[in-house]
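[1] Turn this into a structure:
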Amino acid sequence: MEISIINFRDNLDRWDLVVNYMKLRKLIFKDAKQWNLVVAQEMEFEQYDTFMTLAHGDKSSYIIAHSGVDVLGGGRLIRCDNPNSYMLRDAYFGKLEGLPKELCDKEPPVNDTTWELTRLISKEKSNLASTILSQTNEFLYSKGVMHKHAKQRIKNYKPFSQSVQPWQFETDPNGADNVKKRTCLWLRGLEPLKPTGSLDGLSARSECHNAPPSKDRWKFRSRFFNGIANAMADQWGQYEGRFQRFPEQMEMAV
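    Numbering: from 1, shown residues only. You can find the predicted model right below:
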């Protein structure tokens, strides 16, 4: 069994997994639970599965547990700044018939650090929900999303100043840095880091998100990329003396 993160923009070659995930949704929500949902070609889907949402590849993904093409469970992730909105926000504003407005005690956010997970399912007696949730958390951490409880434990926590991706510092589509792995920077006294690459991210690999379980998985997912490091040295190296003399005026955390 493995868990894959799939989005429309980058993983069309694996879209059969999403189709099978939607078929499993039909079996669970429509057939077993008798929910009043749209079904076509043995798949359950709704407006948040349409092209209007999926076209924004960095803002929507499916997390799917599977053995080969046999889907065992999964969920749908939508970043809360998706132009097509998301379920909880639409329910809050009374746009979804049958869903109460009181699902949230305040207006759901529109930002790039909050994600909605819905349509979480797993086959009967598979006990996969906790595994899917764990992998979801790892995916969100890799995107630079910090858990709210972690924020609460950091004294005087402040939002990051900038986020960058390794592919922004790569020029070769086959290069080692043409990878998706959001890196957040907290900057004081430093200008935002300027990308030095020429790629648009469309060919960037998701190898960090989709790394299979192994004893060295943590090491593979934690590595820092040379392109970003070289850009830091080139663009911020001039501040070295100031940093040594006035550490209280400048600090950076990655």
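[2] contacts and neighbour counts: CA atoms only from here.
    Noted.
[3] Give me the neighbour count for I228.
    Around I228 there are 24 other residues, counting by other Cα atoms under 10 Å.
[4] Let's see the pLDDT reported for it.
    As predicted, I228 sits at a pLDDT of 96.
[5] just R25 next, same as before
    Predicted confidence (pLDDT) for R25: 97.
[6] mind listing what it touches?
    By Cα atoms under 8 Å, 6 or more residues apart in numbering, R25 lies in contact with M43, E44, R119, I121.
[7] mind listing the helices in this protein by residue range?
    Counting by DSSP state H, one finds helices in the chain at the ranges 15-25, 51-54, 87-92, 129-142, 148-153, 217-222, 226-236, 240-245.
[8] can you put these in TSV and add distance to N111?
    Shown next, in TSV, are these (distance: least, Cα to Cα, whole Å):
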stretch	distance to N111
helix 15-25	26
helix 51-54	15
helix 87-92	12
helix 129-142	14
helix 148-153	14
helix 217-222	25
helix 226-236	25
helix 240-245	33
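[9] looking at these, which is buried most?
    helix 15-25 (a mean of 21; mean count of other Cα atoms under 10 Å).
[10] can you give me the strands in this protein?
    Here the chain has its strands, by DSSP state E, at 2-6, 39-40, 43-44, 60-67, 70-79, 115-122, 162-164, 183-187, 252-253.
[11] Need these in CSV (columns: distance to D16, mean pLDDT and mean neighbour count).
    Shown next, in CSV, are the strands of the chain (distance: least, Cα to Cα, whole Å; pLDDT from 0 to 100; neighbours: other Cα atoms under 10 Å):
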stretch, distance to D16, mean pLDDT, mean neighbour count
strand 2-6, 10, 89, 21
strand 39-40, 16, 94, 12
strand 43-44, 12, 96, 20
strand 60-67, 11, 93, 23
strand 70-79, 10, 95, 24
strand 115-122, 17, 95, 18
strand 162-164, 31, 88, 16
strand 183-187, 31, 87, 18
strand 252-253, 40, 40, 10
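[12] okay, those in CSV with distance to T136 next?
    Converted to CSV, the strands of the chain look like this (distance: least, Cα to Cα, whole Å):
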stretch, distance to T136
strand 2-6, 9
strand 39-40, 26
strand 43-44, 22
strand 60-67, 7
strand 70-79, 9
strand 115-122, 9
strand 162-164, 20
strand 183-187, 17
strand 252-253, 24
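[13] just so I know, which of those strands lies nearest L88?
    strand 115-122 (7.9 Å; Cα to Cα).
[14] if we look at that closest one, which residues are touching it?
    By Cα under 8 Å, 6+ apart, strand 115-122 touches 25, 28, 72-80, 86, 88, 128-129.
[15] tell me which of those residues is nearest to N230?
    Distance ranking of the contacts of strand 115-122 against N230, using Cα to Cα, places R79 first at 30.2 Å.
[16] how much space between the nearest residue to that closest one once chain neighbours are set aside and Y141?
    Leaving aside its sequence neighbours, R79 sits nearest to W115 (Cα to Cα, 6 or more residues apart in numbering; 4.2 Å). Separation of W115 from Y141 (Cα to Cα, to the nearest Å): 11 Å.
[17] Check N111 too.
    Distance of N111 to Y141, computed by Cα to Cα: 16 Å.
[18] can you check I78 too?
    Distance from I78 to Y141, by Cα to Cα: 15 Å.
[19] Mind listing residues that contact stretch 85-98?
    If you take Cα under 8 Å, 6+ apart as the criterion, stretch 85-98 is touched by 48, 53, 78, 80, 99-104, 107-109, 116.
[20] farthest pair in these?
    Maximum distance among the contacts of stretch 85-98 (Cα to Cα): 24.1 Å, for T53 and E102.
[21] in the chain, which segments are predicted with low confidence?
    144-150, 240-254 (pLDDT under 70).
[22] Show me it divided up by domain.
    As given by automatic domain parsing, the domain ranges for the chain are 2-145, 158-253.
[23] looking at those domains, which is closest to K151?
    domain 158-253 (8.6 Å).
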